[in-house]
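*Asks:* dropping a prediction and its sequence here:
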Protein chains: 2
Amino acid sequence: MELCKKEISNTSKYKGVSEKYCHRELNHTGRCSEYPYLTHLKATHKRVADKVVRDSTMTTGAAWKSKDAGPNRILRWVMLLSDEELLQFGLDMSLMKPGVVAKLREKSANYQECMLVAGKLASLVYQMPDAPACPDEIKNYLEERFGAFTENSTTCIVCREPLSFSLFEVAQRGKAEIETAHSNPRTHSDENVGFAHRDCNIAQGNKTLEEFYEWIEGILVRVNDSNN
Amino acid sequence: MELCKKEISNTSKYKGVSEKYCHRELNHTGRCSEYPYLTHLKATHKRVADKVVRDSTMTTGAAWKSKDAGPNRILRWVMLLSDEELLQFGLDMSLMKPGVVAKLREKSANYQECMLVAGKLASLVYQMPDAPACPDEIKNYLEERFGAFTENSTTCIVCREPLSFSLFEVAQRGKAEIETAHSNPRTHSDENVGFAHRDCNIAQGNKTLEEFYEWIEGILVRVNDSNN
């Protein structure tokens, strides 16, 4: 599908760092829109729509506020700027702990990558068991860009159990039970992204899924050995 | 081994909540001591000795400071007191998030349990590969109370790989690579406690080890199914 790509007005403080453009089909009628496939979720499940946008475009946040803990979420493409460029936005990377800097830099991704991730996540949302029915127009759009839907096919990318849409509403200790997850935690791309149970995402840590499966296989071998 | 159990002077703000007594053998000569088996580690590897005491007797801390985040580590036996009793110590549990309260209460344990955990951890430390040699007097004491030493036998309780003493010195992003861990995260007892790699402890989460192994076994079955 060819996209409209007309520039969309950008009031962000980081305006100029990256373009921001229309993701409707080329020659569409009506107004341009950055996330045309999220209109339905925004109306029916705003928190889920917001989560798709947030996780696609923002880094994860600092656990607490302090100068050395870094910002609480920042646009991923802003993290592609050099330390010098960031200083002009009032962000002094030299004040942050090296671990925080490494984590933020690792989460960087350009605008195009982030927009592809958002579309992929939206399409996974609609393929969850008990997800709201997807309006035809949005379904056609997402299928053309991210592949045909198979109902109820969205599983946790780590444990491969079906992921119920209702888990978006469940939170324990203030943390949502579904998290955006990456097969390779250092790559933010549509092929590499999906949803996972919070516990699964935490267990995976900064390993790739391949490394994670090898690791737990080794654990079970040793546990069985020591039990025999 | 019968312990001296003579009361030791207690200057803690929580004095009176729990006794504090000598753990040297009954009829010992010289001064009483609460942790007679830690004298050597205190002299040679103070951070490790401090960690044994801290993890045995204190709850884990809040990730950041705020009224609703709870205290940054508190004595485990203090967490056995009622909300009313805690108020007298200036600790208002009703100000904290329910998740924080649950986590703190879960970590509660009485003085005796904590002291057994400290001894067990010390004996595991000395059985790590590349641990400092244990002075005979301490070895005899720990062996009599916690079983015979087998050199290099201390493994991560989760992944069962040998745990190198040198990992106590290694920290990533400010977090030590070895953590005190529990087979059942809700029981703080000498039989239930050990050391684990930080990643392993995090992956286990609040599952028992049995639950964790079942869980990862299920994951591998599903992964293999979907690959075939």
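*Replies:* All right, it came through fine.

*Asks:* phi, psi for A:T187 please.
*Replies:* Dihedral angles phi and psi of A:T187 (degrees, to the nearest 10) take the values phi -130, psi 120.

*Asks:* looking at this, A:D50 is in a strand?
*Replies:* No - assessed with DSSP: H, G, I helix; E, B strand; the rest coil, A:D50 is helix; it does not lie in a strand.

*Asks:* what's around it, how many residues?
*Replies:* As a burial measure, A:D50 scores 13 neighbours (other Cβ atoms under 10 Å in any protein chain shown). Heads up, the C-betas are built off the backbone N, CA and C, glycines and all.

*Asks:* residues contacting the lengthiest helix in chain A, please?
*Replies:* If each helix of chain A is counted by residues according to DSSP state H, the longest one is helix A:209-227. Counting contacts by Cβ atoms under 8 Å, 6 or more residues apart in numbering or on different chains, the residues outside helix A:209-227 that touch it are A:157-158, A:183-184, A:203-205, A:207, B:158-161, B:213, B:216-217, B:219-220, B:223.

*Asks:* would you mind listing the buried residues in that helix?
*Replies:* Along helix A:209-227, these residues count as buried under the neighbour rule (16 or more other Cβ atoms under 10 Å in any protein chain shown): A:L209, A:F212, A:Y213, A:W215, A:I216, A:E217, A:I219, A:V223.

*Asks:* next: stretch A:198-208.
*Replies:* Of the residues in stretch A:198-208, those scored as buried under the neighbour-count criterion (16+ other Cβ under 10 Å) are A:R198, A:D199, A:C200, A:N201, A:I202, A:A203, A:Q204, A:K207, A:T208.

*Asks:* just confirm the fourth one contacts A:V158, I think it does.
*Replies:* So that's A:N201. Yes - proximity of A:N201 to A:V158 meets the contact threshold set by Cβ atoms under 8 Å, at 6.6 Å.

*Asks:* which of the buried residues of stretch A:198-208 lies closest to A:K120?
*Replies:* The shortest approach to A:K120 among the buried residues of stretch A:198-208 belongs to A:N201, at 16.6 Å (Cβ to Cβ).

*Asks:* the closest one sits in which helix or strand?
*Replies:* Secondary-structure assignment from DSSP states H and E places A:N201 in helix A:198-204.

*Asks:* give me the pLDDT for the residue of chain A positioned farthest from its centre.
*Replies:* For chain A, the C-alpha farthest from the mean C-alpha position belongs to A:N228; by Cα atoms, centre = their mean, that distance is 43.1 Å. The confidence metric pLDDT takes the value 76 at A:N228.

*Asks:* strands of chain A, start to end?
*Replies:* Secondary structure of chain A, counting by DSSP state E: strands at A:171-172, A:175-176, A:178-182, A:193-197.

*Asks:* quick one, what contacts the closest residue to A:C4 other than its chain neighbours?
*Replies:* With sequence-adjacent residues excluded and distances taken as Cβ to Cβ, 6 or more residues apart in numbering or on different chains, A:C4 is closest to A:C22, at 4.1 Å. Contacts were defined as Cβ under 8 Å, 6+ apart; by that measure A:C22 touches A:L3, A:C4, A:K5, A:K6, A:E7, A:I8, A:H28, A:C32, A:S33, A:E34, A:P36.

*Asks:* try it again at 6 Å.
*Replies:* When contacts are counted by Cβ atoms under 6 Å, 6 or more residues apart in numbering or on different chains, A:C22 touches A:C4, A:K6, A:I8, A:C32.

*Asks:* distance check, it against A:M1.
*Replies:* A:C22 sits 13 Å away from A:M1, going by Cβ to Cβ, to the nearest Å.

*Asks:* what's the neighbour count on the nearest residue to A:L38 once chain neighbours are set aside?
*Replies:* Distances taken as Cβ to Cβ, 6+ apart place A:A49 nearest to A:L38, at 4.8 Å, with adjacent residues excluded. Other residues within reach of A:A49, judged by other Cβ under 10 Å, total 21.

*Asks:* quick check: residues of chain A near chain B?
*Replies:* If contacts are counted using Cβ under 6 Å from any Cβ of the partner chain, the residues of chain A sitting beside chain B are A:63-64, A:99, A:159-160, A:173, A:199, A:203, A:205, A:213, A:216, A:219, A:222-223, A:226.

*Asks:* determine which two of those residues are furthest apart.
*Replies:* Most distant of the residues of chain A next to chain B, by Cβ to Cβ, are A:W64 and A:S226, 39.5 Å apart.

*Asks:* in stretch A:99-117, which of the residues would be classed as buried?
*Replies:* Counting neighbours by 16+ other Cβ under 10 Å, one finds that the buried residues in stretch A:99-117 are A:100-101, A:103-104, A:107-109, A:111, A:113-117.

*Asks:* can you redo the residues you listed as a markdown table with distance to A:Q127 and pLDDT?
*Replies:* Converted to a markdown table, these look like this (distance: Cβ to Cβ, whole Å; pLDDT from 0 to 100):
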| residue | distance to A:Q127 | pLDDT |
| --- | --- | --- |
| A:V100 | 35 | 86 |
| A:V101 | 36 | 90 |
| A:K103 | 30 | 88 |
| A:L104 | 31 | 90 |
| A:K107 | 25 | 93 |
| A:S108 | 28 | 94 |
| A:A109 | 23 | 96 |
| A:Y111 | 25 | 96 |
| A:E113 | 21 | 97 |
| A:C114 | 21 | 97 |
| A:M115 | 19 | 97 |
| A:L116 | 17 | 98 |
| A:V117 | 16 | 98 |
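
*Asks:* from the residues you listed, which ones fall inside helices?
*Replies:* Those of those mapping onto helices are A:V100, A:V101, A:K103, A:L104, A:Y111, A:E113, A:C114, A:M115, A:L116, A:V117, per DSSP H.

*Asks:* mean pLDDT per element in chain A, and the minimum belongs to which helix or strand?
*Replies:* The helix or strand of chain A with the lowest confidence, counting by mean pLDDT, DSSP states H and E, is strand A:171-172 at a mean of 67.

*Asks:* quick one on the thing from earlier: ok, the residue farthest from the centre of chain A to A:V100 distance?
*Replies:* From A:N228 over to A:V100 the distance is 45 Å, taken as Cβ to Cβ.

*Asks:* do A:L75 as well
*Replies:* For A:L75, the distance to A:V100 under the criterion Cβ to Cβ works out to 16 Å.
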